[in-house]
Each structure stands twice: as structure tokens, then as C-alpha cells.
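Asker: Predicted model, plus sequence, below.
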Amino acid sequence: MKKYLLSIFGIACLGLASCSDDKEYYEPAMPDNSIALNMMNQSNGKTMLGESDVYINDANNFTSTQCGISDLGSRGSLSANPNLTQVAREIAVTPGNYYQIFVTGNIREVAGQRAIPVDCTYYNFFTESWITDKDGNHTGAKVIYTECKPDTDLPAWNELVASMEVQLYKAVEHIFEKDVKIDDNYQIYSDNWDTDALDVRIENNKVTFISKEYSYGDYDVQLYLRSGSVYSRVYFHIFCRS
């Protein structure tokens, strides 16, 4: 999967269907970009899902060395937003369940919770049924998958949120939407290298800028924002005028 494709899914409708006499699960709605795949297991072709390295091993588990896999259970969707609550390298194949695949290198902790970048791609997929040989042995599984990007109102990656003028000892602030959390780790860049002249204070979804010293410097402040399991990197351009 490609990490940075600058766009990032609505929730698809689900229909209830019976798959056996004693089990029911939701059949997936089929987005236009959905792909049906016969994933043969490790001993019968070792089919990879999409451009990931996820395959089914001989223990009947989805497994990977480069990706994390999340099991959404029977009530996910092929357009579900990222869920990073429980991500594992290996997870049981369960017909009727939805899953997500993330490149582990894209996952980062931002503002106290794991998230993937706003412009990152990932996979949603649904396991329809086992594939069996003439003796009834599992040789793979039939799956349907989609390549997705997060559905979020966060600013785009590297977006300039605002240009603001700050007078000496006076504060200016910017408040994001209520569901946005700002990470405590930020960077200040300045053409005069005097980054100590600018104070940056972060509280939940609010960032405040204060000029602490006499300065006519211009500063770029880099912040990381998170909403749910998605994060973005943004900038503020600050003009300090004493």
C-alpha cells in the first residue's frame, strides 16, 4: 500500500443474510472499488491480499510481517474508518468477519492514541467463506476487499492552518473542532534561530501563541492533530511584532 496519496469513506449500507442454519452475519455492500479474491493458503499458492504481504498460513490465520491486522467482527464494513484498538500480526480467519490492514510503519501514537496519517491508504476486507478441497480441507478463503483512505475533517497533510501576528506578551489562540486533539510534541522553525522568543501552549483542541521576548521574527510552528484514529501534520505561520 502507498503511504501518501493525498486524499483519504462513507459508511456503506449493510444487508442481513443467513449463512447457515445457526449463524447470521451481514453481507457486505459492494463499493465500486471492491475486489473479490480467492486467497489460497500458504501450502496452496500463498495468495497476498492486494499490495500487502498479508496471506493465510497453514494454521488458518491471516498473517503478515509488515502489516498490522484488525478484526472488526461481523458488523464492520468495506468502507469503515480506521480502528486501531487491537492490531496484531496474526489473526484467525473467520468467515463472516470484517478486517482492516495497516502498514505498521504508518501507525504512530498522536495525542495519546494510535493513528494513521490523513493521506494514508489501508485495506478493509470481508471473509465470505472457506475454500476447501475434495476432502473438505481448508485450502484458502474467499474475500472481498477495498483500498481505502480515512474519512475525516482534519486539515490536509502539511496544510497551513493560519498566519497570525503576535504582539509582545499578548496571546493569540486557535481552537480546532471539539473532537480534535493536539499532540504535545511540536516544532518551531525560524529564519533567525531564536525559537525561545515564542511560547506555544497546547490544551486539548486549543493552541496558544505568546511572544516572550522583543522580536521581529517570523516563525513556522509544526503541530500534529488527531481525530479518532487519524492524524495530520499542519503549520501555523507566526509573525512576532514587539
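Answerer: That came through fine.
Asker: Give me the number of neighbouring residues for residue 59.
Answerer: 11 (other CB atoms under 10 Å). Bear in mind the C-beta positions are built from the backbone N, C-alpha and C, glycine included.
Asker: Now do residue 54 against residue 148, distance only.
Answerer: For residue 54, the distance to residue 148 (CB to CB, to the nearest Å) stands at 15 Å.
Asker: more neighbours, the two?
Answerer: Ranked by neighbour count (other CB under 10 Å), residue 54 and residue 148 place residue 54 first, with 26 against 23.
Asker: pretty sure the more buried one is touching residue 70, no?
Answerer: No. Using CB atoms under 8 Å, residue 54 makes no contact with residue 70, being 11.6 Å away.
Asker: Which neighbours do these two have in common?
Answerer: Shared between the contact lists of residue 54 and residue 70 (criterion: CB atoms under 8 Å, 6 or more residues apart in numbering) are residues residue 101.
Asker: Can you pull the domain assignment for the chain?
Answerer: Per automatic domain parsing, the domain ranges recorded for the chain read 15-148, 159-241.
Asker: End to end on the shortest one, go ahead and measure it.
Answerer: This means domain 159-241. 24 Å (CA to CA, to the nearest Å).
Asker: which residues does the residue positioned nearest the centre of the chain contact?
Answerer: Central residue of the chain (CA atoms, centre = their mean): residue 116, 3.3 Å from the mean position. The contact partners of residue 116, by CB under 8 Å, 6+ apart, come to 82, 84, 102, 106-108, 122, 150, 229-231.
Asker: a strand runs through it, doesn't it?
Answerer: Yes. According to DSSP: H, G, I helix; E, B strand; the rest coil, residue 116 belongs to a strand.
Asker: From residue 188, how far off is it?
Answerer: 26 Å.
Asker: Make TSV from the domains of the chain and add mean pLDDT to it.
Answerer: TSV is the format used below for those (pLDDT from 0 to 100):
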stretch	mean pLDDT
domain 15-148	91
domain 159-241	91
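Asker: wouldn't residue 159 be in contact with residue 225 here?
Answerer: No. Judged on CB under 8 Å, residue 159 makes no contact with residue 225 at a distance of 10.0 Å.
Asker: Give the residues shared as contacts by these two.
Answerer: 232, 234.
Asker: Now residue 74, what are its backbone angles?
Answerer: The phi/psi pair for residue 74 (degrees, to the nearest 10) reads phi -90, psi 0.
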